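**Student:** A predicted structure for the sequence below; I have some questions about it.
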Amino acid sequence: MRKIKTVFNILSIIFGIILIFWFTQINYSDISFKENSSAYLGILSMAMISIALQMIIRGIKLK
């Protein structure tokens with residue numbers, strides 16, 4: 001169980017770094033969805049994956 005938690009924590013850190021990368025890809029002079037659709041989708045997907053990993057880690061702790 002300890003190794004699984006460690007793997008999920010490492011994955012969470014990696015996805016957090018990717019999330020920061022996607023925040024740097026936004027064109028802040030034109031914040032429209034049409035201009036930044038790939039960056040917004042990248043941010044949304046990385047945030048959802050990070051939240052899911054944290055929920056899995058909490059589920060492992062309860063067992």
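**Tutor:** Sure thing, it's come through.

**Student:** The residue most central in space within the chain: which element?
**Tutor:** In the chain, the residue lying closest to the centroid (C-alpha atoms, centre = their mean) is residue 46, at 2.9 Å. Assigned by DSSP states H and E, residue 46 belongs to helix 33-62.

**Student:** Just the buried positions in stretch 54-63, please.
**Tutor:** Neighbour counts over stretch 54-63 (16 or more other C-beta atoms under 10 Å) mark residue 57 as buried. C-beta: built from backbone N, CA, C; applies to glycine.

**Student:** now what about it, what contacts it?
**Tutor:** Applying C-beta atoms under 8 Å, 6 or more residues apart in numbering, the external contacts of stretch 54-63 come out as 1, 4-5, 8-9, 12.

**Student:** go on, stretch 9-27?
**Tutor:** Looking at what lies outside stretch 9-27 - C-beta under 8 Å, 6+ apart - the contacts are 35-36, 38-40, 42-43, 46-47, 49-50, 53-54, 57.
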